[in-house]
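Chemist: A structural model of the following input is requested.
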Amino acid sequence: MVDFQKKEQYNFNDLLRIMEILRAPDGCMWDREQDHRSIRRNFIEETYEVCEAIDEEDTEHLKEELGDVLLQVVFHTQMEKEKGVFDINDVADGICKKLIYRHPHIFGDVKVGSSEEILSNWDDLKRKEKHQETDTSALASVAKSLPGLIRAEKIQKKAAKVGFDWDGADGALEKVEEELAEVRRALAGDGDIEEELGDLLFAVVNVARHKKVDAERAVEKTCDKFIHRFGFMERQAKEENKVLSDLSLAEMDSLWNRSKEKV
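Modeler: Sure thing, here's the model as predicted:
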């Protein structure tokens, strides 16, 4: 039995202590075996589950999922604490200093008149802080681990800050049509299909950005819509004592069109 007092209500320090116990030589075998890379995917998944709770507007679910994300922060920090590199106070110190530095209109004497000006100052300070001396380095700083559509939008926004952008959605849409034609040529054997599809997706994100549409969110909604419509198709087939795989493409297409009217 470990030396730990069970309570009705725990706090952040208790979480730190629990993680120390789990990672101790006589702690949990699984927890002791982990390293940053082995639980990297856990961090990604927990973050997306927080986003799902936000979308659901479910505060109890949000509280639970934020706890799971907090666990990941503590887990990674504990690994570095064991090596004597940094601890949770160093993590807190770093983010506090960053917030103070990037809010000179609050913690300094800088005057601002709008949220847009605040964001512009934030980007300028971030570039100084990260020693991004060129515009290219600012683009390259966008995390490669981001979902592709989000990364594309962030890169486009940074390029737009120096004037490399379309005047509006119409110009961006013309680029989509141009890239679509190149995809067709690649499918016919003239060009790299993966590259051309990537160019097409990047161009579509540009249109979305100009129309202030979150491309990642838009495709999430489409995925949900597809699942609902697919479910309608499956239910209709079942009512006819069939399964979807038994239907012809024409029959599936007919059901799909009906699903558009229902879902």
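Chemist: nearest residue to residue 118 in space, ignoring adjacent ones along the chain?
Modeler: In space, and not counting its chain neighbours, residue 118 is closest to residue 112: 5.3 Å by CB to CB, 6 or more residues apart in numbering. Backbone N, C-alpha and C define where each C-beta goes, glycine included.
Chemist: so what's the residue count around residue 259?
Modeler: Applying other CB atoms under 10 Å, we find 20 residues neighbouring residue 259.
Chemist: please, which helix or strand holds it?
Modeler: helix 249-262 (DSSP states H and E).
Chemist: quick one: buried residues of that helix?
Modeler: 251, 255, 259 (16 or more other CB atoms under 10 Å).
Chemist: who's in contact with that helix?
Modeler: Residues outside helix 249-262 that contact it (CB atoms under 8 Å, 6 or more residues apart in numbering): 228, 229, 230, 232, 233, 236, 237, 244, 247.
Chemist: which ones among these lie within helices?
Modeler: In this view, these that belong to helices under DSSP state H are 228, 229, 230, 232, 233, 236, 237.
Chemist: filter those residues down to the buried ones, PyMOL style.
Modeler: Only the buried members of those end up in this PyMOL selection, burial being decided by 16+ other CB under 10 Å:
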select buried, resi 229+232+233+236+237
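Chemist: save the ones in helices among the contacts of helix 249-262 as CSV, and put in pLDDT and distance to residue 201 too.
Modeler: Output for these, formatted as CSV (pLDDT from 0 to 100; distance: CB to CB, whole Å):
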residue, pLDDT, distance to residue 201
228, 92, 24
229, 92, 22
230, 92, 23
232, 90, 28
233, 89, 27
236, 89, 32
237, 89, 32
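Chemist: now do stretch 80-94: distance to the chain's middle.
Modeler: Mean-position distance between stretch 80-94 and its chain equals 25 Å (CA atoms, centre = their mean, to the nearest Å).
Chemist: quick one: the helices in the stretch 151-263 of the chain?
Modeler: In chain order, the stretch 151-263 of the chain shows helices spanning 169-187, 193-210, 215-239, 249-262, with DSSP state H, counting those that start in this stretch as the criterion.
Chemist: residue 76 and residue 166, how far apart?
Modeler: 40 Å (CB to CB, to the nearest Å).
Chemist: other SSEs contacting the helix or strand encompassing residue 92?
Modeler: Assigned by DSSP H and E, residue 92 belongs to helix 88-102. If contacts are counted by 3 or more CB pairs under 8 Å, 6 or more residues apart in numbering; DSSP states H and E, helix 88-102 sits against helix 59-82, helix 115-129.
Chemist: got JSON lines for those, with mean pLDDT too?
Modeler: Formatted as JSON lines, the helices and strands packed on helix 88-102 follow (pLDDT from 0 to 100):
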{"stretch": "helix 59-82", "mean pLDDT": "97"}
{"stretch": "helix 115-129", "mean pLDDT": "86"}
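Chemist: most tightly surrounded among those helices?
Modeler: helix 59-82 (a mean of 15; mean count of other CB atoms under 10 Å).
Chemist: which residues touch that one?
Modeler: 15-16, 19-20, 23, 31, 34-36, 39, 42-43, 46-47, 49-50, 52-54, 86-88, 91.
Chemist: just the buried ones from those residues?
Modeler: Looks like the contacts of helix 59-82 have 15-16, 19, 23, 34, 39, 43, 46, 49-50, 53, 88, 91 buried, using 16+ other CB under 10 Å.
Chemist: now, which of the residues you listed lie within helices?
Modeler: 15, 16, 19, 23, 43, 46, 49, 50, 53, 88, 91.
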